[in-house]
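sequence unavailable; structure follows:
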């Protein structure tokens, strides 16, 4: 089987980091930060080591915090709900995933926020000036998808952050797609923080993600419970990281993430990443040459992730994906990619598009097989007069 | 009395609608999938096929619909893509071209299976 759905979740995962983490978990899988016995303290030390590693990986600075969550959606909910406890205005974009759109829509429906969603341009980028133009005196936050999960376009976040900060607004990022592919420089970019997930290009397992936050950004807790500290108080602690982590964290996920971060830095993986760009270009050029196939925002300047979205004229994206799977054993993602407004603006709603997203384990042969399959499907559709 | 008359409000709210197909009132969802797979009949499939522009259902169409139904009734779920290919003896590319609307909105819908509701 050829797996080209790495933007949904990276697969396969490198086995060694996961095995090492499981070994650590089997040896020290006590409750981190709960209890004074050595095993629990050791588990907590391991978690703290991963927090520090993550902070360095994301380019956080002095005083930056790392709080764990189950995934990016969970982290984004924590961030959005925690920063909008008072009525306020929020700016985001029409590129966003439902992990951002749905919490914001929910708050807007409840009358708790007013919301502006900035459009993307003909090349799949949000213009920094357009984002800045949407800010108001009562804007509490601006939240941007660092890299589109449909176009792969990487937004110019440093420029956006500078314009936001001129107006006293923190820019926050959803780095679900970009983390592990684009070097993360949160402090250097001047952003207030980011929400990430572990299971995509960080090559960790599902069920672990988090927030990396500047000391300037202070979400209020929106879930309350056990933290292992300040237990005499019935009020949830305001201290980080427990402030945003109610209940026992996913220790195995944290350990896996720590090991995966080490793996990401290995020369072999770095080489694989540089190959992804070449494979992407091979796929784009091959798809662009096919009759009856439309590629979306795949040309033009700017940084991009190794993913592409397209449609074959006269065919539903879901059927194309089923054919790729059933006839050619190629796994891709079709549909709206949880980005309904993007597809609405692209004119591909409600059936969406077919997305190819590459990973570290893809090869030239995989790309050629995908091109051959798409060529055959497109030719059949054309022969049927579609 | 029409047993479904009292459900009209709930149906409308859920995007469902009642239609007369092959002489029987049936509930369909917003994408015209059968709401209740037990409402399906060969005559209903023929009528819905004609409506979709398919005047005659040939041997391959029936082979696909029967496989879908038998698999669903036995397993309680739709077949996987490779099972569909193996079970019908057709490539999915061929199957897609047989039904107006393709695999999901054509074949699966005419076979009376529930709308998978995934966003693909």
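Cool, got the structure. The structure displayed is predicted, hence computed values, not measured ones.

which positions in chain B make contact with chain A?
Residues of chain B lying near chain A by C-beta under 8 Å from any C-beta of the partner chain: B:81-82, B:84-85, B:91-93, B:96-97, B:101-105, B:118-120. Where C-beta positions appear, they are placed from N, C-alpha and C, glycine not excepted.

enumerate every residue touching the nearest residue to residue A:386 once chain neighbours are set aside.
The shortest distance from residue A:386 to any non-neighbouring residue, by C-beta to C-beta, 6 or more residues apart in numbering or on different chains, is to residue A:314 (2.6 Å). Contact analysis of residue A:314 by C-beta atoms under 8 Å, 6 or more residues apart in numbering or on different chains lists A:292, A:381, A:384, A:386.

so can I have a markdown table of those residues showing pLDDT and secondary structure?
Formatted as a markdown table, these follow (pLDDT from 0 to 100; DSSP: H, G, I helix; E, B strand; the rest coil):
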| residue | pLDDT | secondary structure |
| --- | --- | --- |
| A:292 | 96 | coil |
| A:381 | 97 | helix |
| A:384 | 93 | coil |
| A:386 | 90 | coil |
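
up against chain B, what does the stretch 151-300 of chain A have?
Close to chain B, as judged by C-beta under 8 Å from any C-beta, the stretch 151-300 of chain A has no residues.

and the residue of the stretch 151-300 of chain A nearest chain B?
Residue nearest to chain B within the stretch 151-300 of chain A: residue A:292 (14.1 Å; C-beta to the nearest C-beta).

ok, that residue - how many residues close by?
16 (other C-beta atoms under 10 Å in any protein chain shown).

quick revisit: what about the residue nearest to residue A:386, which SS state?
Three-state assignment for residue A:314 (DSSP: H, G, I helix; E, B strand; the rest coil): coil.

and for the one 10 residues further on?
Following three-state DSSP, we place residue A:324 in the helix state.

got a pLDDT number for it?
On the pLDDT scale, residue A:324 is placed at 98.

just the one 5 residues further on next, same as before
On the pLDDT scale, residue A:329 is placed at 98.

for it, give me its contacts.
Taking C-beta under 8 Å, 6+ apart, we find residue A:329 in contact with A:1, A:2.

can we see that at 10 Å?
Shown in contact with residue A:329 (C-beta atoms under 10 Å, 6 or more residues apart in numbering or on different chains): A:1, A:2, A:3, A:369, A:373, B:81, B:82.

okay if I get these as CSV plus pLDDT, neighbour count and distance to residue A:301?
Supplementary listing: these in CSV, determined by pLDDT from 0 to 100; neighbours: other C-beta atoms under 10 Å in any protein chain shown; distance: C-beta to C-beta, whole Å:
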residue, pLDDT, neighbour count, distance to residue A:301
A:1, 96, 8, 35
A:2, 98, 19, 30
A:3, 98, 20, 29
A:369, 98, 17, 30
A:373, 98, 20, 30
B:81, 97, 18, 38
B:82, 97, 13, 41
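
which of those lies closest to residue A:305?
Using C-beta to C-beta, residue A:3 is the member of those that lies nearest residue A:305, at 16.2 Å.

pretty sure residue A:10 sits against residue A:359.
Yes - judged on C-beta atoms under 10 Å, residue A:10 makes contact with residue A:359 at a distance of 5.4 Å.

which one of these two has more residues nearby?
Counted by other C-beta under 10 Å, residue A:10 and residue A:359 do not tie: residue A:359 has more neighbours, with 26 against 23.

what helix or strand is residue A:194 on?
In the assignment (DSSP states H and E), residue A:194 maps to strand A:193-197.

okay, now the sheet partners of that strand, with direction.
strand A:171-174 (parallel), strand A:209-213 (antiparallel) (DSSP bridges).

could the ones you listed go into CSV alongside mean neighbour count and mean pLDDT?
Output for the strands paired with strand A:193-197, formatted as CSV (neighbours: other C-beta atoms under 10 Å in any protein chain shown; pLDDT from 0 to 100):
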stretch, mean neighbour count, mean pLDDT
strand A:171-174, 28, 98
strand A:209-213, 29, 98
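
and the strand or helix carrying residue B:65, what other elements does it pack with?
For residue B:65, the host element (DSSP H and E) is helix B:59-75. When contacts are defined as 3 or more C-beta pairs under 10 Å, 6 or more residues apart in numbering or on different chains; DSSP states H and E, helix B:59-75 sits against helix B:42-51, helix B:81-88, helix B:92-98, helix B:109-110.

ok, which of those helices comes nearest residue A:96?
Comparing the helices and strands packed on helix B:59-75 by their distance to residue A:96 (C-beta to C-beta), the top pick is helix B:81-88, with 30.3 Å.

elements contacting that closest one?
Packing partners of helix B:81-88 (3+ C-beta pairs under 10 Å, 6+ apart): helix A:317-328, helix B:59-75, helix B:92-98.

export those helices to CSV and tack on distance to residue A:63 and mean neighbour count?
Output for the helices and strands packed on helix B:81-88, formatted as CSV (distance: least, C-beta to C-beta, whole Å; neighbours: other C-beta atoms under 10 Å in any protein chain shown):
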stretch, distance to residue A:63, mean neighbour count
helix A:317-328, 45, 24
helix B:59-75, 56, 16
helix B:92-98, 55, 22
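
nearest to residue A:64, out of those helices?
Residue A:64 lies closest to helix A:317-328 among the helices and strands packed on helix B:81-88, at 39.8 Å (C-beta to C-beta).

is chain B within reach of the closest one?
Yes - using C-beta under 10 Å from any C-beta of the partner chain, we find that helix A:317-328 touches chain B at A:317, A:318, A:319, A:320, A:321, A:322, A:323, A:324, A:325, A:326, A:327, A:328.
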